[in-house]
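Visitor: Take a look and give me a structure for this.
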Amino acid sequence: MKLLLVLFLTAASSASAHELDVDVEIHESMVITRASYGSHDPAAECDVVVQRPGALDEAFQKARTDANGVFSFVPDTAGDWRLTFDDGMGHLLVKVVNTDVEAAKASGVSQPVDWQKALTGVSLIFGAAGVLLWLKTRSSSGVASGR
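Guide: Numbers count the residues shown, from 1 in each chain. Predicted coordinates:
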């Protein structure tokens with residue numbers, strides 16, 4: 001009887017160690033997920049189906065996690081996005097990710113704001129002026145020492 005209890009407890013602990021878990025991070029306009037098992041091993045090559053808010057009857061995107069269990073996508077609207085992770089070995093997890101209005105407004109790569117553009121322009125002007133002045137002083141000192 002004790003042997004049966006030990007086998008049962010061992011099987012229960014190893015089953016929880018293989019539970020599929022997904023961490024979600026929203027960075028600017030991108031949703032980044034990391035799928036792993038309870039033991040923190042990455043869920044590599046796990047199938048992912050993304051469904052947009054209000055359209056659960058069709059897939060917005062189908063993909064797979066990479067070797068590190070990472071998958072990312074850029075939502076095109078705000079709301080509750082449904083992500084289904086399936087490793088094909090009996091582990092299935094549905095995760096709902098809410099994207100806010102700011103993330104939905106951002107379109108792909110973030111664009112520099114006006115002050116960044118202005119600072120870049122001023123830096124280029126000062127840099128070019130510095131190079132020209134350096135060349136001018138170098139040629140002037142070369143002419144004076146050549147006489």
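
Visitor: domains in the chain, as residue ranges please.
Guide: Here the domain assignment for the chain is 2-105, 114-147, based on automatic domain parsing.

Visitor: most packed of those?
Guide: By mean neighbour count, with neighbours taken as mean count of other Cβ atoms under 10 Å, domain 2-105 ranks first of the domains of the chain at a mean of 14. Just so you know, the C-beta spots here come from the backbone N, C-alpha and C atoms, and that holds for glycine as well.

Visitor: what are the ranges of the strands in the chain?
Guide: Applying DSSP state E to the chain gives strands spanning 20-27, 30-37, 47-51, 61-64, 70-73, 79-86, 92-99.

Visitor: Which among those strands is found nearest to Ser140?
Guide: Closest of the strands of the chain to Ser140 is strand 20-27, at 51.9 Å (criterion: Cβ to Cβ).

Visitor: Excluding its own residues, what touches the closest one? List them.
Guide: 31-38, 43, 46, 83, 85, 87, 91-93, 95, 97, 99-100, 103 (Cβ atoms under 8 Å, 6 or more residues apart in numbering).

Visitor: Go again with 6 Å.
Guide: Strand 20-27 is contacted by residues 32-36, 85, 91, 93, 95, 97, 103 when judged by Cβ atoms under 6 Å, 6 or more residues apart in numbering.

Visitor: quick one: least confident of those?
Guide: Here the lowest pLDDT out of the contacts of strand 20-27 sits on Ala103, with 46.

Visitor: hey, least reliable of the domains of the chain by pLDDT?
Guide: domain 114-147 (a mean of 75).

Visitor: still on that earlier bit, put together TSV for the strands of the chain, with distance to Leu119 on each row.
Guide: TSV is the format used below for those (distance: least, Cβ to Cβ, whole Å):
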stretch	distance to Leu119
strand 20-27	24
strand 30-37	25
strand 47-51	37
strand 61-64	37
strand 70-73	30
strand 79-86	36
strand 92-99	31
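
Visitor: Among the ones you listed, which comes closest to Thr137?
Guide: Going by Cβ to Cβ, the one of the strands of the chain nearest Thr137 is strand 20-27, 47.0 Å.

Visitor: what angle separates that closest one from strand 47-51?
Guide: With axes from the mean of the first three to the mean of the last three Cα atoms, to 10 degrees applied, the angle from strand 20-27 to strand 47-51 works out at 50 degrees.
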